[in-house]
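*Asks:* below are the sequence and a predicted model for it; my questions follow.
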Amino acid sequence: MAAPLTTGFQHRNGGLTLTTGHLNPVDPPPSKPCLKNSAQKSPILIFLFFHNSIRSEFDGLHRAAMVFATDQDDDIRPLFERYHFLRAIYKHHCSAEDEVIFPALDRRVKNVAGKYSLQHEGESDLFDQLFVLLSSKSKNDGSFRRDLACCTRALRTSVSQHMSKEEEQVFPLLNEKFSFEEQASLVWQFLCSIPVNMMAEFLPLLSFSISSDEHQDMLKCLSKIVPEEKLLQQVIFTWMEGKKVSGIHKNCEDDSQLQCSVESEVGMSIDQTEQGSRACGSSKIGKRKYLDSNSDITDSTEVHPINEILLWHNAIKRELNDVVEEARKIQLSGVFSDLSAFYKRLQFIAEVCIFHRIAGDEVILPAVDGELSFAQEHAEEVSQFNKFRCLIESIQSAGATSTSAEFYTKLCVHAVQIMDSIQKHFHNEEVQVIPLARKHYGPQKQRELMYRSLCVMPLKLVESVLPWLVGSLSDLEAISFLRNMHLAAPASDTALVTLFSGWACKGGSVDVCLSSSAIGFCPVKKLTETEGLSQPCCACASPFSTKEKPALNSSDDDLRPVKHGNFPGLCENSIETVNICKPSGSNQACCVPGLGVTYGNRGMNSLTAKSMHTFSGSPAPSLNSSLFVWETDNKFSDIADTSRPIDNVFKFHKAIRKDLEYLDVESGKLNGCDETFLRQFSGRFRFLWGLQRAHSNAEDEIVFPALESKEALRNVSQSYTLDHKHEEKLFEDISSGLSELSQLHESLNRTNISEDSSRRNVDSSADPGSDFIRKHNELVRKLQGMCKSIRVSLGQHVFREELELLPLFDRYFSVEEQEKIVGRIIGTTGAEVLQSMLPWVTSALSQEEQNIMMDSWKQTTKNTMFSEWLNEWWDGTPVASQQNPKSEISISQQGADMQENFDQSDLMFKPGWRDIFRMNQSELEAEIRKVSRDSTLDPRRKAYLIQNLMTSQWIAAQQKLHQTRTGEDFNGEDVPGCSPSFRDPEKQVFGCEHYKRNCKLLAACCRKLFTCRFCHDKVSDHSMDRKATSEMMCISCLKIQPVGPLCTTPSCNGLSMAKHYCNICKLFDDERTVYHCPFCNLCRVGKGLGIDFFHCMACNCCLGMSLVDHKCWEKGLETNCPICCDFLFTSRETVRALPCGHFMHSACFKAYTCSHYTCPICSKSLGDMAAYFGMLDALLAAEELPVEYKDRGQDILCNDCGKKGTSRFHWLYHKCGFCGSYNSRVIKSDSTNSNCSTSN
């Protein structure tokens, strides 16, 4: 394999090495038709190959974890290595996406990329939890193996869903918004953003995991993505093919020259080296004023290559010293005109420090002493860099208004603090690490460590760092550095080390190839001759060719301290040559291609940048990493503590988390459980599934469209809609698994019954239940993993919604708009669902949260009967307060279908039955006057209370009569109406003309039996309160019994009274589909809320789903039909909504529109009258008025648009000049008007 790692060498503490036997063979995924030649047409689709490879590795890892869970003797070490390897691959894949792909997409399509970076952070947490489990001390415990398999499955599920979402949303957007060349550029930047060692690990794995056809397709695509320079293509394709060369050997000529260099390394004196260097025309003795002991360091790096760490330390300290000096100059001058260049220089040196730390943590420290750690020093450095950049951003944001000297002082202080922290850290490394490396390893091993340390950087940073480092060294130090790099690199890295050498020479003298002095020949020239490569011919000046330190004023597109604008003749395709090409001379400077990519993208928000460093171990940061992020985006923070209506939606998340935890924990008890536990677990799961589905549907159909309706929030919710789809699939899989497990339980029970007979059969060769038990155990382990997966996936989903979406409602939606959204949601929720949902949600909330939630619901449903329904259903449960008992707020009403919404916090008079019964006539009249004078009462409520008080004496007498007879035993035959009634006497169908049912109701008011309330009201002088009904009579057995859905008489054998029974309305209906609306607190004909009807909280009525977008008329249905004068709210007839917002019966509408086309209330047109108005235009055009009326005009008011205008005189028809409607009225007639604004 073409890797900067030797085969078999293993890392500790998150190592990335792919050791021998590391990749267990897995079946390559079948070739997908959608991938055939797709990447060649759209380079961005090459990521499909990456995703398939990662999926394949996750699948193999999960299978290995399942085997480990079942095999108690299996060793965890190979599995542990695979976890580290996969973690590293996916971590760097995510980091490169966050650095390259998502910022580019965000610049063209807003509100898409951030949530995927946020999901990267969640997956980082999952990896952290997995490695915490791996590092636990209970590795021999059976629960450890089971938990490891479950966590692996959960991680695999989360990553797979994430990649599927990218394929469904991100890739199509990239394909649509970016041209072929732009896509190729993005992929190339992506590849250059992954560390070199991981590219050498991942690309062979990628080749291994795809089919041969896909492999050829990918090679063709890469040939179009990688720049045309042969050296770059050879580097990439060498990695892609994964060539392995044992030992370090090249061709014979190279071998002899390298051997000569190795001998000179041991025996050649410094003077000889200097002479050789002068022979190349590039003596740099005394060139650098920073080093006082160049010869000592050079000599030490020849004998102990590990001392190259000192060269890195010196270069970093020198750069930081320049930063400190520049900060002091800014402090003294007070001029911030060059602050951006200073800022970019700070970013560059910070990146160098980051990767120097990574190299130490991943390569050097594990090799010399696995227990040694510099975590405290690293944390201090990160903190100092953070404070420094925060200060610079503060200065930049203050701009010209900043005149305080405090900024200047802090800038200098922070620069000095960074310098002190770095020097302290480097001193500890030089004292503790370097001596151990010298002691334990020989020169060759030390070279390999330094080479591997260099390869932890991505290519585009190496391109910047190598010339910067070599530019700070003397010629002898640079030659020694290059010699050690060539000796350490494996033969398979010939092209890579050649590229590195050319970049390094960029920092040396213009006319000198340092590699020739280091290894005896120019590797670029040799590779060109050997491989037949063509050298690029564009000449670009080296920015480090002078002896001056790098300039600060670099371009905006390059974060290195190099000014690309100084390169004369820069290639149009941005593939630059890093040194001047000389036509002659054996030691001319190396001519190698540049990558042509800009290091770093600063287009990401803080959340995107933060996600890059969330992985534990060794992150692969960029210039936009969390090292440079302090502020928290307001979009994801500063959530108000005050209660908002939209909080009702997100309060469901707390209950969801509670049940997810139950499923995860209790699934561990499925192994060996009985049928009772299995039924309980399955019931709890299906209950959660149903409520989660309702919650997801509400978000998809109401909440997310509301967000998308805001221009600034386009595309913000699509990712969460995809989450809902994937979570539904997970629920379906768990449901299938539980059903299969139930069947296995039944099979095991049947097996146990026949166990005795099986044992008697001496010829039986196997236990008949053993196969079932094996299948049972496998299925239980699968279910445990799926329950863990749904907990992780859904838990991360609701967390991201709270973090990203919840603050958006504060920013973009008013309280009224939030109430409307919540009203739409609960307005599509049926009574049965609410009866299950409310106890479920409130059980997860504190008492204070419950009160806040219910108060918010009552505010949203203030126009409806929701509080009344809640009191009737949730008997004895406090809604918002407990000031009054329920008995004091429930009074019987004459119109049972028109119940008032009594707020328990109201201080108005609420007499109970005992109070009314004790009142004499004068006291009752006084209370009526009191209510009549109360100006705070709603007129409808006031009329209602007065009506009930006026009839209260009679109602109270009937109530008293009922109370005196409740304890008496009486025969049903003594009750009036105790006889069967038929809806169809011929067919002997029970019921009445209004309803088909098998029972009669015992009216609480007059103690008589009637089939329904309409039958009662038809023959009585009062109305029946059907909700007060407590007894019924079965028509079949004629026995009076408590009201209920079934007959309790044994002779009837549980006869159903009707298909539909409502315990609140006491409604029985055996013919129609009926639902109870908790907001009307009535039973309505229909399939239910959210199915074919919804309840509008403003209109306080149930409307068809097609009328979601309608003109609201507050409490519009609580009025009489303008045609027949029946009360619409409780009417049994179908009601029609008019375009103007008024209502009337459908039958009345049909009859009325035979002769009218305007609303009888507001006079607006009842429909599209264009055809009719066109006929009037034609009629009036053909009609000629008498001469005396031709010049007369009339002032009109249009009933449709509400505007005033003038029209020509006519006896009947007057056209509006604004909307063209003839639905107008004359408000003034003029004797003459020659300038009419409209014409007939």
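*Replies:* In hand now; what should we look at?
*Asks:* so which strand or helix has the nearest residue to Trp689 once chain neighbours are set aside?
*Replies:* Leaving aside its sequence neighbours, Trp689 sits nearest to Phe731 (Cβ to Cβ, 6 or more residues apart in numbering; 4.8 Å). Just so you know, the C-beta spots here come from the backbone N, C-alpha and C atoms, and that holds for glycine as well. Assessed by DSSP states H and E, Phe731 sits inside helix 718-753.
*Asks:* from the contact counts, what lies against that helix?
*Replies:* helix 113-134, helix 142-165, helix 675-698, helix 770-800 (3 or more Cβ pairs under 8 Å, 6 or more residues apart in numbering; DSSP states H and E).
*Asks:* between those helices, which one is closest to Val431.
*Replies:* helix 113-134 (30.6 Å; Cβ to Cβ).
*Asks:* what's the mean pLDDT across the closest one?
*Replies:* The pLDDT scores in helix 113-134 average 89.
*Asks:* what is it packed up against?
*Replies:* By 3+ Cβ pairs under 8 Å, 6+ apart, helix 113-134 packs against helix 77-96, helix 102-108, helix 142-165, helix 606-611, helix 718-753, helix 770-800.
*Asks:* please identify the buried residues of that helix?
*Replies:* 113-124, 126-127, 130-131, 133-134 (16 or more other Cβ atoms under 10 Å).
*Asks:* then stretch 197-214?
*Replies:* Buried, per 16+ other Cβ under 10 Å, within stretch 197-214: 197-210, 214.
*Asks:* average pLDDT across that stretch?
*Replies:* Mean predicted lDDT for stretch 197-214 stands at 85.
*Asks:* again, but for stretch 373-381
*Replies:* 77.
*Asks:* circling back to that earlier point, quick one: which of the helices and strands packed on helix 718-753 is nearest Ile825?
*Replies:* Between these, helix 675-698 lies closest to Ile825; by Cβ to Cβ that is 4.6 Å.
*Asks:* now the helix or strand that that closest one is followed by - C-alpha only, CSV.
*Replies:* Proceeding N to C from helix 675-698, the next assigned helix or strand is helix 704-708, under DSSP H and E. C-alpha atoms of helix 704-708 as CSV (Å, rounded to 0.1, in the frame of the first residue of the first chain):
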residue,chain,number,x,y,z
PHE,A,704,-42.1,23.1,8.6
PRO,A,705,-44.2,24.8,5.9
ALA,A,706,-44.6,27.7,8.3
LEU,A,707,-40.8,28.0,8.5
GLU,A,708,-40.3,27.6,4.8
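*Asks:* quick one: contacts of helix 704-708?
*Replies:* 713-717, 720-721, 805, 808, 812-813, 817, 821 (Cβ atoms under 8 Å, 6 or more residues apart in numbering).
*Asks:* recalculate using a threshold of 7 Å.
*Replies:* Contacts with helix 704-708, where a contact means Cβ atoms under 7 Å, 6 or more residues apart in numbering, come from Leu713, Arg714, Val716, Ser717, Tyr720, Thr721, Leu805, Leu808, Ile821.
*Asks:* could I get the buried residue list for that helix?
*Replies:* In helix 704-708, counting by 16+ other Cβ under 10 Å, buried: Phe704, Ala706, Leu707.
*Asks:* closest to Ser472 among those?
*Replies:* Leu707 (52.6 Å).
*Asks:* give me the nearest residue to that closest one, chain neighbours excluded.
*Replies:* Per Cβ to Cβ, 6+ apart, closest to Leu707 is Leu713, 4.8 Å.
*Asks:* check His215 too.
*Replies:* In this structure, His215 finds its nearest non-sequential neighbour in Ser207, 5.8 Å apart by Cβ to Cβ, 6+ apart.
*Asks:* what sits against the one you found?
*Replies:* So Ser207 contacts His215, Met240, Glu241, Gly242 (Cβ under 7 Å, 6+ apart).
*Asks:* isn't Met1097 right next to Thr860, touching?
*Replies:* Yes - the pair Met1097 and Thr860 passes the contact test of Cβ atoms under 7 Å, sitting 6.2 Å apart.
*Asks:* list the contacts of the residue lying closest to Glu380 once chain neighbours are set aside.
*Replies:* Spatially, and ignoring its direct neighbours in sequence, Glu380 is nearest to Ser421 (5.2 Å; Cβ to Cβ, 6+ apart). Contact partners of Ser421, counting by Cβ under 7 Å, 6+ apart, are Glu380, Glu381, Gln384.
*Asks:* how about Gly1104?
*Replies:* Asp1092, Phe1093.
*Asks:* that one pairs with what?
*Replies:* Beta-bridge partners of Gly1104, counted by DSSP bridges, are Phe1093.
*Asks:* what number of residues lie near Phe47?
*Replies:* Using other Cβ atoms under 10 Å, Phe47 has 22 neighbouring residues.
*Asks:* what residues does it make contact with?
*Replies:* For Phe47, the contact set (Cβ under 7 Å, 6+ apart) comprises Phe171.
*Asks:* look up the pLDDT of it for me, please.
*Replies:* 91.
*Asks:* now Pro845: how far from Lys654?
*Replies:* In this structure residue 845 is Leu, not Pro. Using Cβ to Cβ, to the nearest Å, Leu845 is found at 7 Å from Lys654.
*Asks:* look up phi and psi at Cys999.
*Replies:* Main-chain dihedrals, Cys999, degrees, to the nearest 10: phi -150, psi 160.
*Asks:* what's the neighbour count on it?
*Replies:* Neighbour tally, Cys999, other Cβ under 10 Å: 28.
*Asks:* dump the residue contacts of it.
*Replies:* Cys999 neighbours (Cβ under 7 Å, 6+ apart): Met1032, Met1033, Cys1034, Ile1035, Met1057, Phe1068.
*Asks:* OK, contacts around the nearest residue to Val975 once chain neighbours are set aside?
*Replies:* Nearest non-adjacent residue to Val975, counting by Cβ to Cβ, 6+ apart: Leu1009, 5.6 Å away. Listed by Cβ under 7 Å, 6+ apart, the contact set of Leu1009 reads Val975, Pro976, Gly977, Cys978, Lys1000, Leu1002, Met1033.
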